[in-house]
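Q: Okay, here's the prediction I keep looking at, along with the sequence it came from:
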Amino acid sequence: MEMSISKRESISTKGKATVQRKGPDMTESQQKKAKNDLKRSIRATKKEAEATDSRTEQMDKHRVEVAEQLASAADECKELKAQEAKLVGEIEGAAIEKARALFATAHHQRAAKRFEDLGAGKYKPQGRDAEQLQQELQKAVEKQEKIMAAVRAMAEEFPDRAPLLDRVLLQVVAPSAS
């Protein structure tokens, strides 16, 4: 583009110089020569302008192709991000299920150990009656419900921490599941 501008300036400068030389002493052969020089210069400028236009068209086509590729890549990126979010959700769900299974297994193992110890005679009755045991159980259940309510409130307040708080909730609930 700059080359064609400089050529046009060159042509205009030559034209001005020719006009200035066209005085009373310019012969017919000098006029023909100046005319031929101007024609040659005009042809060269037209060729350069055509070449520049051709390059501009090619660059515009290339720009359109690159813009289409960019849009395609952006769409693909959005799809991949959606798939990533889905997979992260599935992973978190699987982690919660795994934690539930681990807590339940641990609880069952502890209960089995207690029954084995009870069968082996390692536990001695403390002499509490059923009413005292029921009151202690009621207090423990109330305490557990308060803890569960607090954890649920925190999960609602901080949704980004919900999977972690669900695991905490599982630890609170798992011992009472059996």
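A: Structure's in. What do you need? Note that this is a predicted model, so its numbers are computed, not measured. Numbering: from 1, shown residues only.
Q: Just give me the residue right at the centre of the chain.
A: Lys81 (5.8 Å; CA atoms, centre = their mean).
Q: Which residue ranges make up each domain of this structure?
A: Domain ranges of the chain: 1-18+26-124, 129-178, per automatic domain parsing.
Q: State the phi and psi torsions of Ile11.
A: Dihedral pair for Ile11: phi -60, psi -40, per degrees, to the nearest 10.
Q: Quick one: residues contacting the closest residue to it other than its chain neighbours.
A: Of all residues not flanking Ile11 in the chain, Ser41 sits nearest, at 4.9 Å (CB to CB, 6 or more residues apart in numbering). For the C-beta atoms, the positions are set from N, CA and C on the backbone; glycine is no exception. Contacts of Ser41 were listed using CB atoms under 8 Å, 6 or more residues apart in numbering, and they are Lys7, Ser10, Ile11, Lys14.
Q: Now the host helix or strand of the last one: average pLDDT?
A: According to DSSP states H and E, Lys14 maps onto helix 2-21. When pLDDT is averaged over helix 2-21, the result is 70.
Q: Okay, now the unreliable bits of this structure?
A: The chain contains residues with pLDDT under 70 at 1-4, 17-26, 125, 127, 173-178.
Q: how does it look with 80?
A: 1-26, 118, 123-130, 133, 169-178 (pLDDT under 80).
Q: for it, longest helix please?
A: helix 28-120 (DSSP state H).
Q: Work out the gap between that one and the centre of the chain.
A: On the basis of CA atoms, centre = their mean, to the nearest Å, helix 28-120 is displaced by 10 Å from the centre of the chain it belongs to.
Q: same deal with stretch 120-131?
A: With CA atoms, centre = their mean, you get 61 Å for stretch 120-131.
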